[in-house]
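Only the shape, not the letters, is given here:
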């Protein structure tokens, strides 16, 4: 539901911001700004992507799990894709994902979200939510024997 709402509101917000920017600086400069963001995004993704790739290689060489580096790489790709899509709001979000300080904040939010989802899925694995024994009060009971 939230994704559907976002898909409806985001383009409306992009158009509104573009109109406001065009009124402030002119239509030609607005179009120029939208066109320039594409090659800038490609350049930033290549630069940040190379750095993330080096960090990933260093983590693997050091023998530690590269979870942080993998998330950084995913955020860099997402930020670059948003910079390539025309629009001022997508450019802003893309730049925020490419900047290391704000990318670390996004990574921390993703880690919290993923950890909570993993915990929920692990506790639900193989059983219905109603049968989960939170207080550990379950006991083994011998099955009843048939007379005979």
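That came through fine. All values reported here derive from a predicted model rather than from experimental measurement.

drop to CA atoms for contacts and neighbour counts, all remaining ones
OK.

The helix or strand hosting residue 93 - contacts with which helices or strands?
Applying DSSP states H and E as the criterion places residue 93 in helix 88-98. Packing partners of helix 88-98 (3 or more CA pairs under 8 Å, 6 or more residues apart in numbering; DSSP states H and E): helix 2-25, helix 27-62, helix 67-84, helix 100-124.

Need the winner for burial among these.
When these are scored by mean count of other CA atoms under 10 Å, the highest mean neighbour count falls to helix 67-84 (a mean of 21).

Point out where the chain drops to low pLDDT.
118-136, 138, 148 (pLDDT under 70).

Pull out the buried positions in the helix holding residue 93.
88-91, 93-98 (16 or more other CA atoms under 10 Å).

Mind picking the one among these that's closest to residue 107?
Of all the buried residues of helix 88-98, the one with the least separation from residue 107 (CA to CA) is residue 97, at 9.3 Å.

From what I see, that closest one and residue 83 are in contact.
No - Residue 97 lies out of contact with residue 83 (CA atoms under 8 Å); the separation is 9.9 Å.

What about residue 86, how many residues nearby?
18 (other CA atoms under 10 Å).

one step back: now do the helix holding residue 93: everything it contacts.
The contact list for helix 88-98 (CA atoms under 8 Å, 6 or more residues apart in numbering) reads 13-14, 17-18, 34, 37, 44-45, 48, 75-76, 78-85, 102-103, 106.

how does it look with 6 Å?
For helix 88-98, contacts defined as CA atoms under 6 Å, 6 or more residues apart in numbering pick out 76, 79, 82-83, 102-103.

can those go into TSV with extra columns for distance to residue 8?
Below are those laid out as TSV (distance: CA to CA, whole Å):
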residue	distance to residue 8
76	25
79	21
82	17
83	20
102	26
103	26
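
Go through the residues you listed and say which is closest to residue 68.
Once CA to CA is applied, the member of these that ends up nearest residue 68 is residue 103, at 11.0 Å.

Does residue 65 belong to a helix, a strand or coil?
With DSSP: H, G, I helix; E, B strand; the rest coil as the basis, residue 65 sits in coil.
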